[in-house]
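J.: Any chance you can model this:
(one chain, ligands or ions: 1)
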Amino acid sequence: MIIFDDKIDLIAFVDGLKFKQKTLGFVPTMGALHEGHSSLITKGLEENNVVVVSIFVNPTQFDNTEDLVKYPRTLDSDVALLENVSEDKIVVYAPTVEDIYGDEVSSISFDFDGLEYEMEGKFRDGHFDGVGTIIKRLFEIIRPDRAYFGDKDFQQLMIVKKLVEKLGLPVTVVGCDIFRAADGLAMSSRNMRLKPEHRAAAPFIFQTLKTAKEKFGTKSAKHVREWVIEQFERHHLLELEYFIIADAKTLQTIKRKSNQKSYRAFIAVYASDIRLIDNIALN
Ligand code: PAF
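T.: This next block holds a predicted model:
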């Protein structure tokens with residue numbers, strides 16, 4: 001498997017692929033790869049000749065230094081997982097911070113038409129400017145035909161689509177279903193940091209989302225929200241940060257239910273100091 005750590009070499013490699021008219025899929029990651037990532041890569045391999053997987057813990061999207069420092073970095077096992085998926089059609093780009101940012105580790109300030117102020121944007125200062133900055137940079141280097149993002153970070157997916165639309169970038173952004181463990185917990189690199197008792201408790205998040213979806217069929221959004229808050233108030237190990245029912249297009253919190261609109265429920269929960277997010281389509 002080819003592993004690049006220098007963008008100049010990767011750019012030359014991509015030039016070669018483009019010259020041969022090969023199509024290129026791209027799966028951006030921060031490493032600590034799991035089956036959720038494999039499912040994105042497998043989809044990328046079905047639709048493209050080659051898939052580039054970037055492995056880069058992007059400092060500008062963290063507002064919490066401790067979270068950045070503790071974020072798992074597992075390049076050897078990541079490469080082993082990728083070799084299992086495909087030995088010859090996956091290329092890895094695992095750059096240093098300097099290769100991406102030079103000497104100035106800072107974000108561009110973006111206008112994502114308000115998507116950036118909702119949910120994760122409220123709780124993670126500057127997060128989406130950091131995500132926009134790294135994705136723009138990676139798209140410029142890799143120049144993929146298609147890029148694959150999981151629905152688990154639904155707001156991120158919407159923001160990347162907005163970035164592509166606003167900058168007129170020639171890439172198709174493909175959203176992929178959330179990959180869940182057998183007990184329903186959405187796959188996340190952060191799951192590996194959960195203590196056993198928190199890992200055992202965490203499927204409660206998706207169970208609650210499923211029941212919230214059922215309730216939303218007949219009850220008001222306010223009622224569903226209050227019910228969810230109550231469930232977490234009673235829970236000893238999981239602490240609710242937010243539960244929001246929002247318009248799936250604008251991500252604005254629902255005011256009055258309309259049959260014309262699609263809604264999604266979004267949740268963020270702390271299991272000790274590990275922050276987990278999830279979401280579900282409601283209608
Ligand atoms: O979802 C992630 O892992 C990151 O936000 C991404 C898209 C790789 C950008 O750093």
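J.: Which single residue of the stretch 51-200 of the chain approaches the ligand most closely?
T.: residue 58 (4.0 Å; C-beta to the nearest ligand atom). For glycine as for every other residue, the C-beta is placed from the backbone atoms N, C-alpha and C.
J.: what's near enough to touch that residue?
T.: Neighbour list for residue 58: 30, 100, 130-131, 134 [criterion: C-beta atoms under 8 Å, 6 or more residues apart in numbering].
J.: what does residue 232 give?
T.: 208, 238-240, 243, 269.
J.: Tell me which of these fall in strands.
T.: The strands, defined by DSSP state E, take in 238-240, 243, 269 from the contacts of residue 232.
J.: out of the residues you listed, which are buried?
T.: 238, 240, 243, 269 (16 or more other C-beta atoms under 10 Å).
J.: Report the beta-bridge partners for the last one.
T.: Judged by DSSP bridges, the bridge partners of residue 269 are residue 240, residue 276.
J.: What's the separation between it and the ligand?
T.: Note on residue 269: its distance to the ligand, by C-beta to the nearest ligand atom, to the nearest Å, is 18 Å.
J.: pLDDT at the nearest residue to residue 88 once chain neighbours are set aside, what is it?
T.: Counting by C-beta to C-beta, 6 or more residues apart in numbering, the nearest residue to residue 88 once its immediate chain neighbours are dropped is residue 1, at 7.8 Å. Confidence at residue 1, expressed as pLDDT, is 95.
J.: now do residue 87
T.: pLDDT, residue 87: 89.
J.: what's it sitting at in phi/psi?
T.: When quoted as degrees, to the nearest 10, the phi and psi of residue 87 stand at phi -80, psi -30.
J.: That one - nearest residue in space that isn't next to it in sequence?
T.: Excluding its sequence neighbours, the residue lying closest to residue 87 (C-beta to C-beta, 6+ apart) is residue 1, at 6.0 Å.
J.: list the contacts for the one you found?
T.: Here residue 1 is in contact with 79, 82-83, 87-88, 90-92 (criterion: C-beta under 8 Å, 6+ apart).
J.: Neighbour-wise, give me the winner out of these.
T.: Most neighbours among the contacts of residue 1, by other C-beta atoms under 10 Å: residue 82, with 24 neighbours.
J.: Spell out which residues of the protein are next to the ligand.
T.: Neighbours of the ligand within the chain, by C-beta under 6 Å from any ligand atom: 28-30, 58, 61, 131, 134, 153, 156.
J.: Could you point out which of the residues you listed is nearest to residue 7?
T.: Relative to residue 7, the closest of the residues of the chain next to the ligand is residue 134; by C-beta to C-beta it sits at 12.7 Å.
J.: related to what we said a few turns ago, top of the residues of the chain next to the ligand by neighbour count?
T.: residue 131 (26 neighbours).
J.: need the contact list for that one.
T.: 58, 61, 156, 159-160.
J.: Can you lay out the residues you listed as CSV showing pLDDT and secondary structure?
T.: Output for those, formatted as CSV (pLDDT from 0 to 100; DSSP: H, G, I helix; E, B strand; the rest coil):
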residue, pLDDT, secondary structure
58, 98, coil
61, 97, helix
156, 98, helix
159, 98, helix
160, 98, helix
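J.: where do the helices sit along the stretch 151-283 of the chain?
T.: Listed in chain order, the helices of the stretch 151-283 of the chain (DSSP state H, counting those that start in this stretch) span 154-167, 196-201, 204-216, 221-233.
J.: Quickly compare those helices and say which is most buried.
T.: helix 154-167 (a mean of 20; mean count of other C-beta atoms under 10 Å).
J.: by contact count, what packs against that one?
T.: helix 119-123, helix 127-142, strand 146-150, strand 172-176, strand 263-271 (3 or more C-beta pairs under 8 Å, 6 or more residues apart in numbering; DSSP states H and E).
J.: and with 10 Å instead?
T.: helix 119-123, helix 127-142, strand 146-150, strand 172-176, strand 263-271, strand 274-281 (3 or more C-beta pairs under 10 Å, 6 or more residues apart in numbering; DSSP states H and E).
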